[in-house]
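Asks: model the structure of this input:
(one chain, ligands or ions: 2)
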Amino acid sequence: MKNETPGAAAPSCADEFEPQTLSVAEAQQRILESVEPVHGIEKVALRQALNRVLAEEAVSPIDVPSHTNSAMDGFALKGAELPGQASRAFRLVGAALAGHPFHGSVGPGECVRIMTGAPVPDGADTVVMQEHVHLRGDDQVEVDARNQPGQNVRQAGEDIRRGDVAVPAGRRLGAAELGMLASLGLGEVKLRRKVRAAFFSTGDELRSIGESLAEGEIYDSNRYTLHGMLTGLGIEPIDMGVVPDQREATLRALREAASMADVILTSGGVSVGEADFVKPALAELGEMHFWKVSMKPGRPLTFGRIGDALFFGLPGNPVSVMVTFYIFVQPALHRLAGREATQPLLVQARCATGMRKRPGRTEYQRGTLRSDPNGDLVVSGTGPQGSGILRSVSEANCFVILPLESGSVEPGTLVTVMPFYGLL
Ligand code: AMP
Ligand code: MG
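Replies: Ligands and ions are numbered 1, 2, ... in the order given. Here you go, the predicted structure:
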């Protein structure tokens with residue numbers, strides 16, 4: 001493993017359950033080092049490709065625009081004939097509309113009426129916008145001196161040349177990419193196959209929606225936040241329900257998950273010193289690493305592999321699930337799906353509220369980011385930050401990242417903010 005400090009043991013099964021403390025960046029790096037993109041490639045019709053990942057670069061078979069055309073409604077003429085001073089009259093010899101080219105050639109002293117998107121006719125290289133001319137009679141167009149040769153013309157191939165890479169491999173296809181690929185006449189694209197993620201919740205206290213709650217029981221919400229985040233990332237979710245806190249049931253669920261998924265996610269049952277069957281089951285079936293990550297929420301993180309499937313054992317608390325998913329699982333899923341690596345956008349904002357914190361761990365507090373009337377970024381906390389309080393995420397549009405060494409933050413302090421990108 002890279003960047004290992006002397007004497008620091010690499011994580012392995014030999015760790016047993018002796019957790020080592022890692023920084024968020026170290027844990028992220030260790031996870032990413034063990035992820036390879038899925039292999040399968042499939043051809044998919046353009047509309048079905050939304051949110052999927054391009055497996056091979058899309059090369060343009062044509063120039064875009066395919067013909068030199070007008071950027072304005074106006075008159076096409078020879079730029080060399082524009083008046084340097086005063087004005088000059090041109091004779092109108094025809095019209096070019098989008099989809100209806102002018103088939104003749106523009107001769108000396110002539111111009112052609114042209115609409116936006118229409119091909120610039122032979123002999124012309126410049127368009128004078130209609131607001132800059134005076135019409136004299138039926139066929140005389142007077143142009144004044146404020147125009148430049150070549151203006152208002154979009155050259156063929158100016159956006160993309162034939163043979164250029166229009167969309168790189170690894171790009172997630174959004175609405176703009178669908179439009180770009182359509183503009184090249186490409187009706188099908190080669191995509192990485194969809195990543196499959198199987199997940200289950202652990203905990204004898206958990207009930208599914210539709211069941212009634214006995215004393216001490218709660219509804220399972222983690223399977224719903226995981227469903228939402230996976231689907232939002234274009235991952236195929238496989239919901240395996242609630243698995244009781246029992247050794248056999250946990251082993252069975254993990255084996256089944258590994259047989260059908262690229263990634264296995266569990267929530268709960270990985271804290272220290274509780275009815276904990278996830279870690280020993282993982283160690284029995286595959287490779288188990290248990291890390292104490294110096295972050296809040298989400299300190300205990302179990303990571304490993306069963307056969308070819310990656311494994312993430314997320315904490316049980318609902319907010320911890322969402323934070324650890326965002327910080328650790330999401331980048332791993334991106335790599336697994338073959339997506340190009342991107343760095344999250346971080347911005348500085350002034351705290352409108354104080355934020356309570358003790359030094360020692362990096363905290364991901366939930367906040368709302370907005371701009372004040374001066375256009376400066378301001379962030380407020382979303383109230384109580386307990387790791388069971390999902391409302392703190394629901395009302396947020398960003399994480400406020402308070403570094404390890406930081407204590408409580410006074411109102412007015414500049415803090416680092418990571419906006420959510422639609423996923424949360
Ligand atoms: P655990 O990590 O299993 O100790 O769980 C920590 C806390 O999260 C406990 O209060 C659990 O009841 C709660 N919890 C665990 N799993 C879920 C779940 N799927 N939905 C809602 N709360 C959960
Ligand atoms: Mg539990």
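
Asks: so how many other residues sit close to the closest residue to ligand 1 within the chain?
Replies: The minimum distance from the chain to ligand 1, using CB to the nearest ligand atom, falls at Gly316 (2.3 Å). Backbone N, C-alpha and C define where each C-beta goes, glycine included. By the criterion of other CB atoms under 10 Å, Gly316 has 23 neighbours.

Asks: repeat for the one 10 residues further on
Replies: Counted by other CB under 10 Å, the residues lying close to Tyr326 total 21.

Asks: that one contacts Leu424, correct?
Replies: Yes - if you go by CB atoms under 8 Å, Tyr326 and Leu424 touch, sitting 6.4 Å apart.

Asks: hey, what's in contact with both of the two?
Replies: Applying CB atoms under 8 Å, 6 or more residues apart in numbering, one finds that Tyr326 and Leu424 are jointly contacted by Met229.

Asks: surely Pro280 is in contact with Arg247?
Replies: Yes - Pro280 lies in contact with Arg247 (CB under 8 Å); the separation is 7.3 Å.

Asks: between these two, which one's more packed in?
Replies: Set Pro280 next to Arg247 and count neighbours by other CB under 10 Å: Pro280 wins out with 14 against 11.

Asks: that's a helix at the more buried one, yeah?
Replies: Yes - assigned with DSSP: H, G, I helix; E, B strand; the rest coil, Pro280 falls within a helix.

Asks: contacts only, for it.
Replies: Applying CB under 8 Å, 6+ apart to Pro280 gives the contacts Arg247.

Asks: tell me the pLDDT of it.
Replies: At Pro280, the pLDDT value in this model is 93.

Asks: please apply the same query to Gly107.
Replies: Each residue has a pLDDT score; the one for Gly107 is 98.

Asks: distance of it from ligand 2?
Replies: 84 Å (CB to the ion, to the nearest Å).

Asks: please apply the same query to Ala25.
Replies: Distance from Ala25 to ligand 2, by CB to the ion: 28 Å.

Asks: am I right that that residue is in a helix?
Replies: Yes - the assignment for Ala25 by three-state DSSP puts it in a helix.

Asks: what about Gly307, neighbour count?
Replies: When neighbours are counted by other CB under 10 Å, Gly307 registers 11.

Asks: circling back to that earlier point, setting aside sequence neighbours, what's the nearest residue to the residue of the chain closest to ligand 1?
Replies: Spatial nearest neighbour of Gly316, excluding adjacent residues (CB to CB, 6 or more residues apart in numbering): Gly268 at 3.1 Å.

Asks: and if you look at Leu135?
Replies: Leaving aside its chain neighbours, Leu135 sits nearest to Val141 (6.2 Å; criterion: CB to CB, 6+ apart).

Asks: now do the same contact list for that neighbour.
Replies: By CB under 8 Å, 6+ apart, the contact set of Val141 is Phe75, Ala89, Phe90, Arg91, Leu92, Cys111, Val133, His134, Leu135.

Asks: Lys296 pairs with what?
Replies: Beta bridges link Lys296 to Glu363 when assigned by DSSP bridges.

Asks: what sits against it?
Replies: Going by CB under 8 Å, 6+ apart, Lys296 touches Arg361, Thr362, Glu363, Tyr364, Ser387.

Asks: contacting residues around the last one?
Replies: With CB under 8 Å, 6+ apart as the criterion, the residues that contact Ser387 are Lys296, Pro297, Gly298, Pro315, Asn317, Pro318, Val319, Ser320.

Asks: need the max-distance pair from these.
Replies: Farthest pair in the contacts of Ser387 (CB to CB) is Lys296 and Pro318. Separation: 14.6 Å.

Asks: mind listing what's buried in stretch 231-244?
Replies: Of the residues in stretch 231-244, Leu233, Gly234, Ile235, Pro237, Ile238, Met240, Val242, Val243 count as buried by neighbour count, 16 or more other CB atoms under 10 Å.

Asks: what is the neighbour count of the nearest residue to the second one once chain neighbours are set aside?
Replies: Going back to what we said before, that points to Gly234. Among residues not flanking Gly234 along the chain, Asn51 sits closest, at 4.0 Å (CB to CB, 6+ apart). When neighbours are counted by other CB under 10 Å, Asn51 registers 15.

Asks: stretch 125-132 spans what distance, first to last residue?
Replies: By CA to CA, to the nearest Å, the extent of stretch 125-132 from end to end equals 17 Å.

Asks: correction: the previous question concerned stretch 162-171.
Replies: Stretch 162-171 has its terminal residues 20 Å apart, counting by CA to CA.

Asks: what segments of the stretch 101-250 of the chain are helices?
Replies: For the stretch 101-250 of the chain, the helices defined by DSSP state H, counting those that start in this stretch cover 175-183, 222-232, 247-260.

Asks: most tightly packed of those?
Replies: With neighbours defined as mean count of other CB atoms under 10 Å, the helices of the stretch 101-250 of the chain peak in mean count at helix 222-232, which reaches a mean of 19.

Asks: and that helix, what other elements does it pack with?
Replies: Identification of packing neighbours for helix 222-232 by 3 or more CB pairs under 8 Å, 6 or more residues apart in numbering; DSSP states H and E yields strand 196-202, strand 236-243, strand 263-267, helix 318-324.

Asks: again, only this time at 6 Å
Replies: Under the contact definition 3 or more CB pairs under 6 Å, 6 or more residues apart in numbering; DSSP states H and E, helix 222-232 sits against strand 196-202, strand 236-243, helix 318-324.

Asks: and the angle from it to strand 263-267?
Replies: Relative orientation of helix 222-232 and strand 263-267, computed by axes from the mean of the first three to the mean of the last three CA atoms, to 10 degrees: 150 degrees.
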